[in-house]
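Q: Predicted model, plus sequence, below.
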Amino acid sequence: MNTIINKMNNNATDEQAGLTDLFSRTISYLRVSVTDQCNLRCIYCTPKAIDEKLACADLLSYEELLRIIRIAVSMGIKKVRLTGGEPLVRRDIVSFIRNLTAIPGLDDIRLTTNGILLPQLAGQLYEAGIRKLNISLDTLRPERYLQITGKDYFFRVWQGIESAREIGFSPIKINVVLLRGINDDELLDFARLSMTENLQIRFIEFMPMGDAVIQAKERYFSSEEMIARIETLGTLHRVEARNMDGPARIYRFEGASGSLGFISPISHQFCDRCNRLRLTSEGRLRSCLLSDQETDIRKILRSSGTDEEIREAIVETILNKPKGHALLEEDGANCHGRMSRIGG
Ligand code: SAM
């Protein structure tokens, strides 16, 4: 505990106070999976075996989530992302977000969604205080959307993106997982979209994790190959990342309205800069997306644990944060976690 809660001396500013791990990484970002439920069945995310739903009682309640987040913020967490499953399918998500935005010191709350419920909820989410959205969309073709996700919701998502733009969310980032032989022929279409629309199109390298329906190796497409192909459209200019921008490498075509982001967990490990913790929908804290080591916070909460015990559990998780992920070395053997419960 001593080395971790790095509260500076009395002259310290809030910026300086924080959580530092054994490899001198400052941990300031918490990703929270608010539900394991999703209204899509994406072939690369949904497990082969029928996935059992968590019982309601196994999910962290909103009160429990707020308590953990409040404590984490008091320790140095500055940014929270809500994810899932699909976060917008959880009942009363908007009132939860209202309570979240009231936590002192938490000024950066973001949401990752598949966008299906945005046409109904975008206005309420904006009023509740969310400004930054990541919307997942792996294809611009309605029939392919059905093939990838199992649901015919392409136009709803598109309408969701339009609603979010009209209401004023900014930035809006579109997450695309590029899969060889499935949607890689749309790479240039997505890249062109960034020329005309004020969107950041983020290409995420496919990670072989969990027990998804499709096999990883033959589908993997590296960011370098994407960049090389995209450059056939024109020169890409590197954009300097801002502090809270995360691990994406950002580029822009000359004069483009939007930008392109490349997230390369496989080809350009960014573990040395990783500032993240993840809270799973059943209340386990993970220090690495790709390592199954978890701390059971729900157990502490439900056995009348004190705030101090929760703090200690957060510290312990950070102390155990691995230096880097071992996905390639161990052929994924260390990561069996379900994306829907962890939240990506
Ligand atoms: N339902 C929300 C959504 O669709 O954005 C949030 C949860 S989803 C698990 C978060 C992100 O993880 C999505 O952009 C999804 O495409 C991505 N994802 C899921 N499985 C992945 C994998 N094996 N490799 C890379 N990204 C993955």
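A: The structure has been received and is ready for your questions. Numbers count the residues shown, from 1 in each chain.
Q: how about the nearest residue to D296, chain neighbours excluded?
A: R284 (5.6 Å; CB to CB, 6 or more residues apart in numbering). Where you see a C-beta, it was placed from the backbone N, CA and C, and this is true even at glycine.
Q: repeat for C45
A: M339 (4.9 Å).
Q: Residues of the stretch 51-200 of the chain that sit close to the ligand?
A: Applying CB under 6 Å from any ligand atom, we find that the stretch 51-200 of the chain lies next to the ligand at T83, G84, E86, T112, T113, N114, S136, N175, V177.
Q: The fifth one contacts I130, doesn't it?
A: I take that to be T113. No - assessed by CB atoms under 8 Å, T113 is found out of contact with I130, at 9.9 Å.
Q: which of these two has more neighbours?
A: T113 (27 against 22; other CB atoms under 10 Å).
Q: Show the contacting residues for the more buried one.
A: The neighbours of T113, taking CB atoms under 8 Å, 6 or more residues apart in numbering as the test, are E86, P87, L88, L133, N134, I135, S136, G160.
Q: Tell me how many other residues crowd the fourth one.
A: Translated: L133. 25.
Q: Contacts for the one helix or strand it maps to, please.
A: Assigned by DSSP states H and E, L133 belongs to strand 132-136. Residues outside strand 132-136 that contact it (CB under 8 Å, 6+ apart) are 81, 108-115, 118, 157, 160-161, 164, 169-177, 202.
Q: List the pairing partners of that strand within its sheet, with orientation.
A: Here strand 132-136 has these sheet partners by DSSP bridges: strand 108-113 (parallel), strand 172-177 (parallel).
Q: in the stretch 201-344 of the chain, which spans are strands?
A: 236-239, 249-253, 259-263, 276-279, 284-286, 294-296 (DSSP state E, counting those that start in this stretch).
Q: Would you pull up the residue in the stretch 201-344 of the chain closest to the ligand?
A: G344 (2.9 Å; CB to the nearest ligand atom).
Q: nearest residue to that residue other than its sequence neighbours?
A: Counting by CB to CB, 6+ apart, T83 is the residue found nearest to G344 once chain neighbours are left out, at 6.0 Å.
Q: Compute the distance between the one you found and I297, please.
A: The gap separating T83 from I297 is 17 Å, by CB to CB, to the nearest Å.
Q: State the pLDDT value of F96.
A: Per-residue confidence (pLDDT) for F96: 98.
Q: Can you classify it by secondary structure?
A: Assigned with DSSP: H, G, I helix; E, B strand; the rest coil, F96 falls in the helix class.
Q: Pull up the gap between A55 and R252, please.
A: 46 Å.
Q: out of those two, which sits in the busier spot?
A: Under the neighbour definition other CB under 10 Å, A55 and R252 were set side by side, and R252 has more, 18 against 8.
Q: wait, isn't that one in contact with M195?
A: No - with contact defined as CB under 8 Å, R252 and M195 do not form a contacting pair (9.3 Å).
Q: List the residues that are in contact with both of the two.
A: By CB under 8 Å, 6+ apart, R252 and M195 have these common neighbours: G258.
Q: and the residue of the stretch 201-344 of the chain closest to the ligand, what does it touch?
A: G344 neighbours (CB under 8 Å, 6+ apart): R31, T83, T112, L289.
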